[in-house]
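Asks: Next come a sequence and a model predicted from it.
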Amino acid sequence: MQAPITSVASAESGSIPIWRGVVIVALAALTIVACLWGTAPATKSEPGVVMELPGTLVGLWGSDQPISEAEKVILPADTEFAKKIYSDGLGSDIHCQIVLAGAEKRSIHRPEVCLPAQGWTIKSGEVVPVKLVDGRVLEVMKLTVVRPVTLNNGELRDLTSIFCYWFIGKHATTPHHFVRVLKTNLDMLLHNTNHRWAYVIVNAPVLEGFVSGGKDLQQTSARVEAAIAELAPQIMPER
């Protein structure tokens, strides 16, 4: 039986608990030690993700999407991307994206940082286990986000979206930014390994009331998780 992919802790929201403060202090100390006594990793590790999204997903056809001008300007030039929209032609789309860091680390960040800048308000966040089609279990961060949109008739309404993501290292997977940072520093210090992290995003809008037959919140959430269950084994080597 294949080992499940696991991680610790709950959604990164609200006040910082005492134990996380201890982790942050320890992380800072380890970073200082690494800078003073550690040696730079000889080589950058290989990525733990396949940078190719499948042609179809949960019965929907995928089409490649261009990198936005904002992404080109803000992120380092050696950042790699894979982006597709999977659609049934009726507006019920699933968006998938992989962002892979290059030599610089600022390609990778928590989506909670950039979503508000795009007009989204984060209503809730939680870690959910997703059973993959190959039998493994992957923990992902699931956010419920909302932003106002203007309809063709000029009406202003709130659009809800289900937004899921997780981070992938060479032999590591986590839905938590602080776990990724901690592991990065520990592995640099103890194993002279420099993780080349990626993060994967799978999201879909809740179209109930916007289009005929649009799925509600629960149906949309289930569909996003089904897409992850099918997608993850194709882009993540077995570990």
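Replies: Alright, I've got the coordinates.
Asks: Mind listing the residues bridging to the most centrally placed residue in the chain?
Replies: Of all residues in the chain, the one closest to the mean position by C-alpha atoms, centre = their mean is Tyr165, 2.6 Å from it. Beta-bridge partners for Tyr165, by DSSP bridges, are Met141, Ile201.
Asks: wait, isn't it in contact with Pro111?
Replies: Yes: shown here, Tyr165 and Pro111 form a contact pair, counting by C-beta atoms under 8 Å, at 5.4 Å. (C-beta placed from N, C-alpha, C; glycine too.)
Asks: returning to what we had before: OK, contacts around the residue nearest to the centre of the chain?
Replies: Residues near Tyr165 by C-beta atoms under 8 Å, 6 or more residues apart in numbering: 111, 140-141, 143, 175, 199-202.
Asks: and for Tyr165 and Pro111, which residues touch both?
Replies: Contacts common to Tyr165 and Pro111, judged by C-beta under 8 Å, 6+ apart, are 143, 199, 201.
Asks: any idea whether the residue located most distally from the centre of the chain is helix, strand or coil?
Replies: Within the chain, the residue lying farthest from the chain centre (C-alpha atoms, centre = their mean) is Asn153, at 34.1 Å. Here Asn153 is coil, with the state taken from DSSP: H, G, I helix; E, B strand; the rest coil.
Asks: follow-up on the earlier one: among the shared contacts of Tyr165 and Pro111, which one sits closest to Val49?
Replies: Of all those, Val49 sits closest to Tyr199, with 9.1 Å by C-beta to C-beta.
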